[in-house]
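J.: here's a sequence, model it:
(chains A and B)
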Amino acid sequence: MASTTETKQKKMLILKSADNDEFEIEESVGVQSETIKNLVEDGFTFVPLPNVYTKALIKIIDYLKKHANKTDSNDEEIKTFDKDFVNTTFDDLFELVSAANYLHISCLMNMLCQTIADRIKDKSPEAVRKIFHINCDYTPEEEAKIRKANAQAFEGQFDESLD
Amino acid sequence: MTERRALGETRSPENYQNPSALPDQKSTMDSGETAVDRISQLPDCLLLQILSLMPTDETLVTSALSKRWRYLWNSLDTFSFSIFDYHEGYVSYVDYVLAHSVSPKIKKFQLDSHEPGAYQSHIDRWFSFAVEKKVENVELRSNSDEEVCALPECLYTCSSLITLVLGFCYFDANVFIAWKSLKSIKLKWMVLSDDHIVNLLRGCPALETMELSNFKGFSRLEIRSSKLKRLNLIEYNDEEIDHSLEIVAPYLQHLEISKSLYGLKCRLVDVSSLVNAKLTFNITCIKEIKYLLDDEVDDEEDSCRDYHQGFMILVQDYLQKLSCASKITIGTWFTEVLCMLQFKGVPIPELKCKYLTLELHTKKFSAYGAAGLLRASPDIETFNIDIAAMHPVANFCCFGSQDLAKGDNIELQSWISGFAFPNLKNVKIAISSRSRICLMDHLKWSYVKTLFKLSEFLLKNASVLEKFVIISKRRQY
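T.: Below is the predicted model:
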């Protein structure tokens, strides 16, 4: 009898974050990450993730759980979840994008990169620098030279807002 | 999720791999964001992935941000150009971008042009560049109303292509096509003859998805490849009367036919592997088509009877062909025809459907049609109704309107008394409208009353129901 209950039990994985927190998740949830999938295929059930910190990992596990339960009827629920998911600080976004990249979760990667891209799009270099705290290390002459070389791209109107 | 923090573990800065996460580097701003330039610390591959999601013009602007960004765009493997009006400057600009590209392969090349004629030789040249670099995904569209874009010859035999999107493009029906890796093709606003279709399908042995939007020309779609599993036909673009289309696709699993088909008689000859069918198209009355064509319209009320009856026979045939599909979505027109068929006493064959969705754009709701479909689906587990409230449009034709009015008022409980839904677990009813309207405001409309009658009926008769949701929402479009 013991064997039948065992087979019915869901296979579990333990993920260990860079700050040594451990999380137990279902294998079917975890394998949405290519990195985890490869390890599972090699027989691992304990997965250390030296590049993923607890804060990001908790959010990513949330994401994976939500997307693992995708059915025909909760499409919109997932869309709302995704929208809330990326509505966060840049610090979180960059932490998440590095983590998602390490874990190879392509749909999450696309969503995060698109969120960041949308903040750069249509903006002037000055606005982008302010939004992302980018320090301009060009001399004024160098910058003028670059703008001249790529002149076509600098034509037209930019969005100067920092939204 | 069980969280297990290992005993005795403390966080020490040495454990951090990422220098930017060191606490002493954080200088917190008012907003709670750090003033550290995190984006420039991302590796090139990530920054390029972000840049590749923007129009190529925009990526060049980032070269002025700082030295870190200066040459990044040279490594892009994704290009997206939009040419609004012709000027020599844009040609030299695209040439400049491509001349500086150092990526050995091109993942995606996208070009939208409002005046393709003026650019044709350049377009050919740019795509030759993409083909040489083994481009995998191509999108080429003419956004002009009149000028069609010729498909560059170099693309005909581009074996690296995986997805292809063409809009208002032209190629000769008999050219030699060899897209041996192509998995998905989407063609919009294209006139394609039967020869085009045969030639295309022969040239794409690995094709899995085919989508034809605003299509015109062909009268037969014969898909014999067992790899091609998904076919979407979205809006027919020909107002001529008496056109028909035959679909022979014995391995097809997903079929969508949506939006307006005008008067196109689309026959499903063989779709015996169908799993998922979405038939939300609508048919325009012949009187309206004639009116649009400036033909003489017969004012006689019954003059369109034969026309509609022809389509009712077609719907009966659809129901036979859908009998094995487990997921069915139907639209307003189809639901109305079902209602009329039932008044004629035509039985709906038993369906194996588990997920049934009604997508209705109407202020009316034919509960009789819906109930008939439910009765024919004993296996049904999930039932969704998605109603987009619309203002009624002037009707050219009142064929079947009496039946429809009767169908709205029918007493469901007495009509299918004793009928149960042994497997129905989920019901979701979503009502959306363009204005900000709450459910209360919908209540005075007759379709909502009908809807509630149907809900009551389902609640009484679905013995294993787990979830019943009614949502009112605002529509974006």
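
J.: quick check: phi and psi on the residue in the stretch 201-350 of chain B positioned nearest to chain A?
T.: Residue nearest to chain A within the stretch 201-350 of chain B (C-beta to the nearest C-beta): B:Lys327, separated by 6.9 Å. For the C-beta atoms, the positions are set from N, CA and C on the backbone; glycine is no exception. With angles defined as degrees, to the nearest 10, B:Lys327 sits at phi -130, psi 120.

J.: try the one 3 residues further on
T.: The phi and psi torsions at B:Ile330 (degrees, to the nearest 10) take the values phi -130, psi 160.

J.: which parts of the stretch 251-400 of chain B are helices?
T.: Taking DSSP state H, counting those that start in this stretch, the helices of the stretch 251-400 of chain B run over residues B:286-292, B:305-321, B:332-343, B:367-375.

J.: which of those helices comes out lowest on mean pLDDT?
T.: Ranked by mean pLDDT, these bottom out at helix B:367-375, which scores a mean of 83.

J.: give me the residues contacting that one.
T.: B:330, B:335-339, B:341-343, B:348, B:351, B:356, B:358, B:380, B:383, B:385, B:406-408, B:410, B:412, B:415-416, B:419, B:421, B:450-451, B:453-454, B:457 (C-beta atoms under 8 Å, 6 or more residues apart in numbering or on different chains).

J.: identify the residues contacting B:Tyr96.
T.: Residues in contact with B:Tyr96 (C-beta under 8 Å, 6+ apart) are A:Asn150, A:Gln152.

J.: could you check how many residues crowd around the residue lying closest to A:Val128 once chain neighbours are set aside?
T.: For A:Val128, ignoring the flanking residues on the chain, the nearest one in space by C-beta to C-beta, 6 or more residues apart in numbering or on different chains is A:Ile120 at 5.5 Å. A:Ile120 has 22 neighbouring residues, counting by other C-beta atoms under 10 Å in any protein chain shown.

J.: for the residue of the stretch 201-350 of chain B closest to chain A, list each beta-bridge partner.
T.: B:Asn276, B:Tyr355 (DSSP bridges).

J.: list the contacts of it.
T.: Contacts of B:Lys327 (C-beta under 8 Å, 6+ apart): A:Asp72, B:Val275, B:Asn276, B:Ala277, B:Cys353, B:Lys354, B:Tyr355, B:Thr357.

J.: wait, doesn't the fifth one sit right on B:Ile380?
T.: Right, B:Cys353. Yes: with contact defined as C-beta atoms under 8 Å, B:Cys353 and B:Ile380 form a contacting pair (6.0 Å).

J.: got the confidence number for the nearest residue to A:Phe154 once chain neighbours are set aside?
T.: Excluding the flanking residues, the one nearest A:Phe154 by C-beta to C-beta, 6+ apart is A:Arg147, at 5.3 Å. Model confidence at A:Arg147, given as pLDDT, is 90.

J.: name the SS class of A:Arg147, please.
T.: What DSSP: H, G, I helix; E, B strand; the rest coil gives for A:Arg147 is helix.

J.: number of residues surrounding B:Asp37?
T.: With other C-beta under 10 Å as criterion, B:Asp37 counts 16.

J.: now do the same for it: its pLDDT.
T.: Value listed for B:Asp37 in the pLDDT field: 91.

J.: next one: B:Arg4
T.: At B:Arg4, pLDDT is 39.

J.: next one: A:Gln9
T.: So A:Gln9 comes in at 74 (pLDDT).

J.: how much space between the residue nearest the centre of chain A and chain B?
T.: Geometric centre of chain A, nearest residue: A:Val97, 3.4 Å, by C-alpha atoms, centre = their mean. From A:Val97 over to chain B the distance is 6 Å, taken as C-beta to the nearest C-beta, to the nearest Å.

J.: so where is chain A shaky, pLDDT-wise?
T.: Scanning chain A for pLDDT under 70 picks out A:1-8, A:72-73.
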